[in-house]
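*Asks:* Structure for the following, please:
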Amino acid sequence: MLKSKNLVETNKYELEIEVSAEAFEEAIQSVYLKNKSKITVAGFRPGKAPRKIIEKEYGEGVFYEDAVNSLYGPAVEEAVKEAELTLVAAPDAEVTDVSKENGVKFKVTCITKPVVDIKDYKGIKVTKTVNAVTDEQVEHEIGHRLEKASRTVSIDDRACQNGDLVVIDFEGFKDGVPFDGGKAEKFSLKLGSGQFIPGFEDQVVGHSIGDEFDINVTFPEDYQEKSLAGAPVVFKIKLHEISVTELPELDDDFVKDTTDFNTVDELRADIRKNLEEAASKQADSQVETDILEAVISKLEGEIPEVMYENKVNEMIDDLSHRLSHQGIKLETYLSFTGMTMESLRTTYLEQATKQVKLRLALEKIAELENIVPSDEDIEKEFETIAQQYQMSVENVKQYLRAEDISLDTAVGKAAELVKESAVIE
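*Replies:* Residues are numbered from 1 along each chain as shown. As a prediction, the model looks like this:
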């Protein structure tokens, strides 16, 4: 049971929890019954030794640790509920006393969801700017169309050169020892793209299919992976394939064959129209971003750092999941991009901070505006999620709580309220 609740600093509470001697005794007995068959005591068949004999043989506290562990979760959950706290991180617990006579006492430190406030979130003023479409943008899009219609031609009668696409195996060695993230097979690389560290691609140029050779390069002094920064390394390479990209000629025949238009001029006009529509949509998107940025700036309250850290963890987990679908490990990705886990976390921190603040701001607006989604709204959201993940609504409801869906829906409605009330100039 909860003995005391103390606010030790903003968003941090200490709870003192007591588990009675009777409850502790029940937990000890349960652990004994579960584990007695694994305990050997001289003179008794496995599983037949009485508890008192085992405690005498191995010490009175032989079952204490497992008993305390079994009590911890339910006791903390009940105490947090009784204290009416909303936690944003797993609580940190310390066992302060254990005895058969007094039971178990815990001291639990809890980081709670912050109390925030927000004002002047209606009538936010923003400016919409639609960028003019340039001739260079039109020609760039035409070039993209030509690339899409290009064909890849394998080359086997010459050595590779800049601009070629090559398929290679490589493995990196530092002081004769392979290093993490330095190996790949059948890797596609466009020479001259600058995808790898300086000097790597230049030393592939000039080799032919079937060649096996070494490349000597030195990692930059400011390379993120400290163990490789400034280090000379050797990559062992095997070249499997060379290919080039051939672009079609831009003329009326190409336009007729690949589009619904008859001339190059008609194609250019349509591309310009589409780019102008895209520019308008981009302006609308920027307006929405500016509105939500303004909402974030109006949030008042002290937010626990752990909320930002948790969001960064979510983003890294999502990245790792997406990479795994491409057959790439996160460690390999970090090596290729010259990043460490620390620098990746730093990269995500700004975005994570904005997401946490925006969510808290919109939740507060929903509260201030008394936004309460109807049962119909919640059911509709369940259906949307079910369609998105190709699951039945019933299965979705097994994984997601209606309370969480209700809050998400309220947050969405709060965002719409803010955007609809904004003044766009």
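
*Asks:* sec struct for Leu250, please.
*Replies:* coil (DSSP: H, G, I helix; E, B strand; the rest coil).

*Asks:* hey, where'd the helices end up in the stretch 1-150 of the chain?
*Replies:* In the stretch 1-150 of the chain, the segments counted as helices under DSSP state H, counting those that start in this stretch are 21-35, 51-58, 64-83, 135-148.

*Asks:* weakest of those by average pLDDT?
*Replies:* Among the helices of the stretch 1-150 of the chain, helix 51-58 carries the lowest mean pLDDT, a mean of 88.

*Asks:* what's the angle from that helix to helix 21-35?
*Replies:* Taking axes from the mean of the first three to the mean of the last three C-alpha atoms, to 10 degrees, helix 51-58 and helix 21-35 form an angle of 80 degrees between their directions.

*Asks:* any chance of the helices of the stretch 1-150 of the chain in JSON lines, plus mean neighbour count?
*Replies:* (Each C-beta comes from the backbone N, C-alpha and C, glycine too.) Output for the helices of the stretch 1-150 of the chain, formatted as JSON lines (neighbours: other C-beta atoms under 10 Å):
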{"stretch": "helix 21-35", "mean neighbour count": "16"}
{"stretch": "helix 51-58", "mean neighbour count": "14"}
{"stretch": "helix 64-83", "mean neighbour count": "16"}
{"stretch": "helix 135-148", "mean neighbour count": "13"}
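
*Asks:* low pLDDT regions in the chain?
*Replies:* Along the chain, the model assigns pLDDT under 70 to no residue.

*Asks:* do you know how far the residue at minimal distance from the centre of it is from Asp175?
*Replies:* The centre of the chain sits closest to Met315, judged by C-alpha atoms, centre = their mean, with a distance of 1.7 Å. Computed as C-beta to C-beta, to the nearest Å, the Met315 to Asp175 distance reads 35 Å.

*Asks:* List the buried residues in stretch 263-281.
*Replies:* If you call a residue buried by 16 or more other C-beta atoms under 10 Å, then stretch 263-281 has these buried ones: Leu267, Arg268, Ile271, Arg272, Leu275, Ala279.

*Asks:* can you tell me which of those residues lies nearest to Leu85?
*Replies:* Ala279 (48.6 Å; C-beta to C-beta).

*Asks:* and the longest helix seen in the chain with helix 135-148, angle?
*Replies:* If you go by DSSP state H, the chain has its longest helix at helix 264-297. Counting by the same axes, to 10 degrees, helix 264-297 points 110 degrees away from the direction of helix 135-148.

*Asks:* What is helix 264-297 packed up against?
*Replies:* Counting contacts by 3 or more C-beta pairs under 8 Å, 6 or more residues apart in numbering; DSSP states H and E, helix 264-297 is packed against strand 125-126, helix 135-148, helix 252-258, helix 341-368, helix 402-421.

*Asks:* Redo the ones you listed as JSON lines? Include distance to Ala386.
*Replies:* Shown next, in JSON lines, are the helices and strands packed on helix 264-297 (distance: least, C-beta to C-beta, whole Å):
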{"stretch": "strand 125-126", "distance to Ala386": "35"}
{"stretch": "helix 135-148", "distance to Ala386": "35"}
{"stretch": "helix 252-258", "distance to Ala386": "39"}
{"stretch": "helix 341-368", "distance to Ala386": "23"}
{"stretch": "helix 402-421", "distance to Ala386": "11"}
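
*Asks:* Among these, which comes closest to Asn216?
*Replies:* Comparing these against Asn216 with C-beta to C-beta, the closest turns out to be helix 341-368 (26.1 Å).

*Asks:* what angle separates the closest one from helix 264-297?
*Replies:* 70 degrees.

*Asks:* Could you list every helix and strand in contact with helix 341-368?
*Replies:* strand 117-118, helix 264-297, strand 299-300, helix 305-324, helix 402-421.

*Asks:* try 6 Å this time
*Replies:* helix 264-297, helix 305-324, helix 402-421 (3 or more C-beta pairs under 6 Å, 6 or more residues apart in numbering; DSSP states H and E).

*Asks:* Buried residues, it. List them.
*Replies:* 344-345, 348, 352-353, 355-366.

*Asks:* Now find how far off-centre that helix is within its chain.
*Replies:* 13 Å (C-alpha atoms, centre = their mean, to the nearest Å).

*Asks:* Equivalent analysis for stretch 308-315, please.
*Replies:* The answer for stretch 308-315 is 7 Å, by C-alpha atoms, centre = their mean.

*Asks:* Same question for stretch 40-56.
*Replies:* Worked out by C-alpha atoms, centre = their mean, stretch 40-56 lies 51 Å from the chain centre.

*Asks:* gap between the two ends of that stretch?
*Replies:* 13 Å (C-alpha to C-alpha, to the nearest Å).

*Asks:* Which residues does that stretch contact?
*Replies:* With C-beta atoms under 6 Å, 6 or more residues apart in numbering as the contact definition, stretch 40-56 has outside contacts at Tyr32, Lys36, Ser37, Ile39, Glu57, Val62.

*Asks:* Ignoring the adjacent residues along the chain, who's closest to the fourth one?
*Replies:* With C-beta to C-beta, 6 or more residues apart in numbering as the criterion, Ile39 has its nearest non-adjacent residue at 5.6 Å, and that residue is Ile54.

*Asks:* I'd like to know how far that neighbour sits from Gly143.
*Replies:* Where Gly143 is concerned, Ile54 sits at a distance of 80 Å (C-beta to C-beta).

*Asks:* quick one, phi psi at Pro114?
*Replies:* phi -70, psi 150 (degrees, to the nearest 10).

*Asks:* which residues touch it?
*Replies:* Asn11, Gly301, Ile303.

*Asks:* Compute the distance between it and Glu363, please.
*Replies:* Relative to Glu363, Pro114 is positioned 11 Å away (C-beta to C-beta).

*Asks:* Could you tell me which residues make contact with Arg272?
*Replies:* Val133, Val138.

*Asks:* just to revisit the earlier point, any chance of the helices of the stretch 1-150 of the chain in a markdown table, with distance to Gln161 too?
*Replies:* Below are the helices of the stretch 1-150 of the chain laid out as a markdown table (distance: least, C-beta to C-beta, whole Å):
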| stretch | distance to Gln161 |
| --- | --- |
| helix 21-35 | 70 |
| helix 51-58 | 75 |
| helix 64-83 | 64 |
| helix 135-148 | 19 |
